[in-house]
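Undergrad: Fold the following and give me the result.
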Amino acid sequence: NTEHDLRATIVNHLNPNYNYIEVNKVDTVAMNIPYPGDFYTGYITVNQTSQSKIHYQLYAAGGNLNANGTVNVSAPLILSLAGGPGCADGDSYYETGPFRVISVNGTFVPVLNEVTLNDKYHLLYVDNPVGMGYSVENNDMPNDSIKNGVYLKNFLIRFFELFPSLKKQPFYWLGESYGGHWALGLAMNILKDADQTGINISGIAFANGWFDPYNQIVGYNITGLAAGVIDLKTSQSIADKQTQFQKNMTLGNWTAAYLVTEDITKSFPKGINIENYRNNTGNDPATALWLNTPSVKKGLAADPDAYWGGCQSLDYVFYLDKVQSYAPNVTYMLNNLNIKFLFYQGQDDLLVTAAGTQRAILNLGWSKLPLWAATPKKIWRDTDGNVIGTYKTYDKLTFAIVNKAGHVDGIYQPWSVKDLMTRWISNNW
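TA: Numbers count the residues shown, from 1 in each chain. Alright, predicted model coming up:
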C-alpha cells in the first residue's frame, strides 16, 4: 500500500443524501481512541457551484499528552500535504501523527505514537485533491497544481474562519513527494490573493518533494549506481533517458516527457522498491480497513459512501502537471518574502533522489545561493550521539539528508523527522 503500487483508482463523488458537517469534535472515548485533547474533523466546501468538499483532521497541540491540548494553545500549525498525486492524509497514521491503528487478534485498535509532532504543534491533515480519502468531488477535480491550489486556498480561508485562534499562530506547510507541487500551487494562490486571505506563510518544508522535474530528473542514474542496484550499462541508459526528458521539456513535449519519467522508474531491477531500496515493507493495511469501517466513518463525520483508499494514482489526471516546474515560485519567495524553506531527503529514496533535489536547489535563482552553496555540510546527531544525517543551512534555506530513510521518511525514521522539523521551526541547529 505504498504510494505507487495502488493503481485502481476510486474517486468519491458528492452524496446528495448526506449532511456534510463543517466541524465535528470527535468523541475519542466512544471511538476507543486514546487521545485526550481536541480532535476535530469535518468537510469544507471548496467550490460553491459544484459543492465539492475537502475532508480534514485537526489535532490540537499537546492533545496527545493530556486534555489541556486545545485549539487555543499557542503553538505553530503544520499543514500536511501528502503526495501521489492521489494520496489521502495517511501521513497522520503512518508517520508522525498522534496515533496509528494496529490489528490485535482481528480487532482494529488505535494506539498513541511514541514519536509525534503533535507534542508541540497543531497538526492539520487534508484529503487532497477532492475525491480522494474521504473528500468528495462533483465532476470538477482539478488537473493541475494551480487549479488545485485554488481549492486548497478556499479550504484554508474557511478553515481559519472556523478556527480563528489558529490563524494567529505561525503557519508551516509540509509537502511530501507530489505535495511539493501542491504546496507551491497553493502558495501562488495565497500570495496572489494575500490581501483577501490574510494568511501568512512562515515556512514550507519539502519531504522528498517533487517541485522541479527538469533538474530533479538528473539524479536517477548516479543514485542507482552509487546504491549498487544498477550496473554501468543501465546507468548510462538512464542517463540517456534523462537527457531525452530535458529535450522534451525544452520543446514543450509534455506528454513525451511524462512517458520518459515512467520509463526511467521502470529501469530499476524488478523487486527493488524504488521508494526505499533497502526495504520492501508496505504500510499496515489495518489503517485503511479501520477508516472504511462504518462506525469509524460516523465518528469522523465522513460520508458513509466515501472510500478511504490511502494512496491511489491520479497520474491519468495530473500527468501534464507532473512534469511542470514550480521552482520559480521558490526563487520568488526566497528573494522577496520572509518565508523559510526546508528540503529533506531520505537517503535510500530512488523515486525522488537526493542528488536530483540538490541539483534543483543549485539552479534556483536565489540571490544568496552562492553563500548557501559555500556553507559546509554538518553532521546531524541524535541525543545519544549517533549520526542520523547531514544538513546545510544558511539564511532561509536548509537542506538535510535523513539517514536510513526512504521516500516516506517518517515511516522509517520518525524520530529523525520530528527532530529535524523541530530544529527548523525553532531555528535551533
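Undergrad: Need the three-state assignment for Trp372.
TA: Under DSSP: H, G, I helix; E, B strand; the rest coil, the three-state class of Trp372 is helix.
Undergrad: Distance of it relative to Phe163?
TA: Separation of Trp372 from Phe163 (Cβ to Cβ, to the nearest Å): 36 Å. Any C-beta I mention is one placed from the backbone N, CA and C, and that applies to glycine too.
Undergrad: same thing with Tyr43?
TA: 14 Å.
Undergrad: Go through stretch 184-202 and flag the buried ones.
TA: 184-191, 197, 199, 201-202 (16 or more other Cβ atoms under 10 Å).
Undergrad: who's Tyr43 bridged to?
TA: For Tyr43, the beta-bridge partners under DSSP bridges are His55.
Undergrad: Please name the residues that touch it.
TA: Taking Cβ atoms under 8 Å, 6 or more residues apart in numbering as the criterion, Tyr43 is in contact with 20-22, 53-56, 134-136, 301, 303.
Undergrad: on contacts alone, who are the packing partners of the helix or strand encompassing Asp195?
TA: For Asp195, the host element (DSSP states H and E) is helix 194-197. Secondary-structure packing of helix 194-197 (3 or more Cβ pairs under 8 Å, 6 or more residues apart in numbering; DSSP states H and E): helix 145-162.
Undergrad: Contacts for the helix it packs on next, please.
TA: Contacts for helix 145-162 (Cβ under 8 Å, 6+ apart): 22-23, 42, 44-47, 52, 54, 56, 79, 81, 124, 126, 128-130, 142, 166-167, 181-182, 184-190, 193, 196-197, 199, 318, 321, 324, 326.
Undergrad: So which of these belong to helices?
TA: 166-167, 181-182, 184-190, 196-197, 318, 321 (DSSP state H).
Undergrad: Any idea which of those residues the model trusts least?
TA: Lowest in pLDDT among the ones in helices among the contacts of helix 145-162 is Gln196, which has 83.
Undergrad: how about the helices in the stretch 1-150 of the chain?
TA: Ranges of helices in the stretch 1-150 of the chain, per DSSP state H, counting those that start in this stretch, are 91-94, 145-162.
Undergrad: Mind telling me which of the ones you listed the model trusts least?
TA: helix 91-94 - the lowest mean pLDDT of those, at a mean of 76.
Undergrad: Report all helices and strands that it contacts.
TA: strand 99-104, strand 122-126, helix 409-412.
Undergrad: Distance from the chain centre to it, please.
TA: What separates the centre of helix 91-94 from the centre of its chain is 11 Å, taken as Cα atoms, centre = their mean, to the nearest Å.
Undergrad: and if you look at stretch 70-84?
TA: 12 Å.
Undergrad: and that stretch, what's its mean pLDDT?
TA: In the prediction, stretch 70-84 has an average pLDDT of 95.
Undergrad: May I see the buried residues of it?
TA: The neighbour-count check on stretch 70-84 (16+ other Cβ under 10 Å) flags 71, 73, 75-84 as buried.
Undergrad: How about stretch 131-142?
TA: Quick answer for stretch 131-142 (16+ other Cβ under 10 Å): 131-138, 140-142.
Undergrad: hmm, who's touching that stretch?
TA: Outside stretch 131-142, the residues within contact range by Cβ under 8 Å, 6+ apart are 11-15, 20, 43, 47, 50-55, 84, 86-89, 126-130, 148, 150-151, 291, 297, 300, 302-303, 306, 308-309, 312, 314, 317.
Undergrad: top helix in this protein by residue count?
TA: Max-length helix for the chain by DSSP H is helix 232-251.
Undergrad: contacting residues around whatever helix or strand comes next after the helix holding Asp195?
TA: Toward the C-terminal end, the helix or strand that comes next after helix 194-197 (DSSP H and E) is strand 203-207. Applying Cβ under 8 Å, 6+ apart, the contact partners of strand 203-207 are 172-177, 179-180, 183-184, 187, 333, 339-344, 357, 408-410, 417, 421, 424-425.
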